[in-house]
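> no letters, just coordinates:
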């Protein structure tokens, strides 16, 4: 099925949402669950479901068509699609992702937050808590339970330990070193591509290779690793990351 629009009975379109309200795209493979969630939000004056989807493909189509503040996403829709979260955020960079999932393991939870999920909730969450979660995340907060907080802290402790542990330094090409230097100067991929006379896609390809070589997952980790191992030398103690 395509993502769902207003058919006069059960769905709500973007036009029916207040301009100052919270717009939600609801992505869930179970129709009965979508109906229940919509009824919860229908009781709130400032929250509206602007579109629904039952597959990842339909969700990607929906986020391109409907401006949204929140994507409430069933975890099962992401199964087998490792790059789904970055792709959703690429298409809707201002959207906040809330993932509904069964109890997750430590590594999966940490990775979801690293990829950009702003909250992970149980599918049995109470209506009041769900509404509170949506409002908190729209306000700029991260929704995270105590167990997940501990997992994230431990992950960053392990990462910090890895940064100070002696290990053989991977060999980086001159082009990779140029890109790393630009990253620590706070330059974006478009600026780096212009400076090096290439395309953004080429820069992205180089970055993936650099991340793999150094065992880091994002630009900040890359800068910290390279400064610590003196792969590059900063002019000051501050690393600019935008």
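Everything's here; your move. In this text the structure is predicted, and so the values were computed from the model without any measurement.
> which stretches in the protein count as helices?
For the chain, the helices defined by DSSP state H cover 31-42, 56-65, 84-91, 106-115, 127-138, 146-164, 174-184, 189-196, 200-214, 219-228.
> got the ones you listed as a markdown table, with distance to residue 49, mean neighbour count and mean pLDDT columns?
C-betas here are computed from N, CA, C, even on glycine. Shown next, in a markdown table, are the helices of the chain (distance: least, CB to CB, whole Å; neighbours: other CB atoms under 10 Å; pLDDT from 0 to 100):
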| stretch | distance to residue 49 | mean neighbour count | mean pLDDT |
| --- | --- | --- | --- |
| helix 31-42 | 5 | 15 | 93 |
| helix 56-65 | 11 | 18 | 94 |
| helix 84-91 | 17 | 16 | 91 |
| helix 106-115 | 23 | 16 | 75 |
| helix 127-138 | 11 | 16 | 94 |
| helix 146-164 | 26 | 13 | 65 |
| helix 174-184 | 39 | 18 | 88 |
| helix 189-196 | 34 | 16 | 92 |
| helix 200-214 | 34 | 15 | 89 |
| helix 219-228 | 34 | 18 | 78 |
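> residue 23 is nearest to which of the ones you listed?
With respect to residue 23, and counting by CB to CB, the nearest of these is helix 127-138 at 9.6 Å.
> could you check the angle the closest one makes with helix 31-42?
Inter-element angle recorded for helix 127-138 and helix 31-42: 70 degrees (by axes from the mean of the first three to the mean of the last three CA atoms, to 10 degrees).
> now the residue nearest the centre of the chain. Nearest residue, chain neighbours left out?
Nearest to the mean C-alpha position of the chain, by CA atoms, centre = their mean, lies residue 116 at 2.0 Å. Excluding its sequence neighbours, the residue lying closest to residue 116 (CB to CB, 6 or more residues apart in numbering) is residue 89, at 5.1 Å.
> domain ranges for this protein, per the record?
14-149, 163-228 (automatic domain parsing).
> identify the residues contacting residue 34.
26, 28, 52, 54 (CB atoms under 8 Å, 6 or more residues apart in numbering).
> and residue 94, how far from residue 179?
27 Å (CB to CB, to the nearest Å).
> among the contacts of residue 34, which are in strands?
Using DSSP state E, the subset of these located in strands is 26, 52.
> could you turn the buried ones of the contacts of residue 34 into a ChimeraX selection?
If you want just the buried ones from those in ChimeraX, going by 16 or more other CB atoms under 10 Å, the selection is:
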select :26,28,52,54
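> from the contacts of residue 34, which two are the most distant?
So, those by CB to CB: farthest apart are 26 and 54, at 9.7 Å.
> one step back: which one of the contacts of residue 34 is nearest to residue 141?
Using CB to CB, those come closest to residue 141 at residue 26, 20.7 Å.
> and the gap between the closest one and residue 119?
Using CB to CB, residue 26 is found at 15 Å from residue 119.
> touching, the residue nearest to residue 116 and residue 95? I think so.
Yes. Between residue 89 and residue 95 there is a contact at 6.9 Å, judged by CB atoms under 8 Å.
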